[in-house]
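just a sequence and a predicted model for now, questions to come.
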Amino acid sequence: MAKIIVANWKMNGSLAFMKTWVPALTSDLASTSNQVIICPPFPFLFPLSAALKGTSAHLGAQNCHTTPHGPFTGEVSAAMLADIGCQAVIVGHSERRTLFSETNDLIKAKAEAVHAAGMTAIICIGESLTIRQSGRAIDTVIQQCQASLPPSATPENTRVAYEPLWAIGTGLTASLREITEMHQALHAATKVPIPLLYGGSVTEENATDILSLPHVDGVLVGGASLNMAAFQKIIR
Ligand code: PGA
């Protein structure tokens, strides 16, 4: 079954990197039935949309503002992202929740703005190590999911990415059992079957096993998406 593969470059990349990265992926994009969504930093979205023309890849942003326009210096709206060819926006990544104090309410409003602009919201949720060790991971993540999903969410316009904080960028992937338990609980808790992604130290070595688990519809890849050879293997 086709899977969703999201590349989150975070605050990495350059025009020079893009010029080598995209041509290297073109044949993999042509031969895969998986849905690949590439999320570079804002300045590279427009040139990347041109570079990806004619491929099956979708373009995604990593954040947006809640309103379409206005006096919000330094911000970028969902409508603007749709205008330049984005099909998706990541909202509520744990780095935004932790480093930029984003709350469930704000993330819900951002996801709603993404939907209003006709794009797919990739809503991130996940527990800290302390919560995991206290045995409250499932309850916490379900509550976060329910509080971050706007009423406008449907299986077509939303993906939920479970990303345990302790697994992001650490090389510590959640175990297949932990992923299965969480995805089963999320699947049961969401009223409509929103596609569920896993993120947190996904590599070319563990992607196949993770993608074979029940209720894992895709992966959100950070570090390994910047390594061409690794990302090519994940796409395949
Ligand atoms: P990682 O990042 O793959 O480098 O752990 C994933 C993410 O933060 O989305």
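Ah, there it is. Numbers count the residues shown, from 1 in each chain.

and stretch 56-64, end to end?
24 Å (C-alpha to C-alpha, to the nearest Å).

what sits up against that stretch?
With contacts defined as C-beta atoms under 8 Å, 6 or more residues apart in numbering, stretch 56-64 is touched by 6, 8-10, 25, 29-30, 32, 35-39, 41-42, 45, 48-49, 52, 76-78, 81, 85-91, 93, 96, 110, 113-114, 120, 122. (Glycine included, C-beta is placed from N, CA and C.)

what of stretch 33-48?
Taking C-beta under 8 Å, 6+ apart as the rule, stretch 33-48 contacts 2-15, 18, 22, 25, 29, 52, 56-62, 76, 81, 84-88, 90, 122, 218, 225, 235.

so which of those also contact the ligand?
Restricting the contacts of stretch 33-48 to those touching the ligand (C-beta under 6 Å from any ligand atom) yields residue 8.

in strands, which of the contacts of stretch 33-48 fall?
4-8, 58-61, 88, 90, 122, 218 (DSSP state E).

ok, of these, which one's closest to the ligand?
residue 8 (4.3 Å; C-beta to the nearest ligand atom).

which pLDDT value goes with that closest one?
Here the pLDDT value assigned to residue 8 is 98.

identify the bridge partners of it.
Legend: beta-bridge partners of residue 8 under DSSP bridges are residue 39.

surely it and residue 88 touch.
No: when contacts are counted by C-beta atoms under 8 Å, residue 8 is not listed as touching residue 88 (11.0 Å).

residue contacts, residue 194?
149, 153, 154, 155, 158, 159, 160.

repeat the analysis, applying 6 Å as the threshold.
155, 158, 160 (C-beta atoms under 6 Å, 6 or more residues apart in numbering).

who wins for most neighbours among the ones in strands among the contacts of stretch 33-48?
residue 122 (30 neighbours; other C-beta atoms under 10 Å).

please list all residues in contact with that residue.
88, 90, 159, 161.

repeat the analysis, applying 8 Å as the threshold.
6, 37, 60, 88-91, 158-161, 197, 220.

what's the longest helix in this structure?
helix 15-31 (DSSP state H).

what pLDDT, on average, does that one get?
pLDDT averaged over helix 15-31 gives 89.

orientation of that helix relative to strand 4-8 in degrees?
Following axes from the mean of the first three to the mean of the last three C-alpha atoms, to 10 degrees, one obtains 180 degrees for the angle between helix 15-31 and strand 4-8.

contacting residues around helix 15-31?
Contacts of helix 15-31 (C-beta under 8 Å, 6+ apart): 13, 36, 40, 44, 47-48, 51-52, 55-57, 226, 228, 231-232, 235-236.

try it again with 7 Å
By C-beta atoms under 7 Å, 6 or more residues apart in numbering, the residues outside helix 15-31 that reach it are 36, 44, 47-48, 51-52, 55-57, 228, 232, 235-236.

for it, buried residues please.
18, 21, 22, 25, 28, 29 (16 or more other C-beta atoms under 10 Å).

what of stretch 32-44?
Quick answer for stretch 32-44 (16+ other C-beta under 10 Å): 32, 34, 35, 36, 37, 38, 39, 40, 41, 44.

hmm, which two among the contacts of helix 15-31 are most spread apart?
47 and 236 (25.5 Å; C-beta to C-beta).

measure the closest residue to residue 221 other than its chain neighbours to the ligand for me?
Closest residue to residue 221 apart from its sequence neighbours, by C-beta to C-beta, 6 or more residues apart in numbering: residue 202 at 4.8 Å. Using C-beta to the nearest ligand atom, to the nearest Å, we find residue 202 at a distance of 5 Å from the ligand.

read off the pLDDT value for residue 59.
The model's pLDDT for residue 59 equals 97.

flag every residue of this protein that's near the ligand.
Close to the ligand, as judged by C-beta under 6 Å from any ligand atom, the chain has residues 8, 163, 168-169, 199-202, 220-224.
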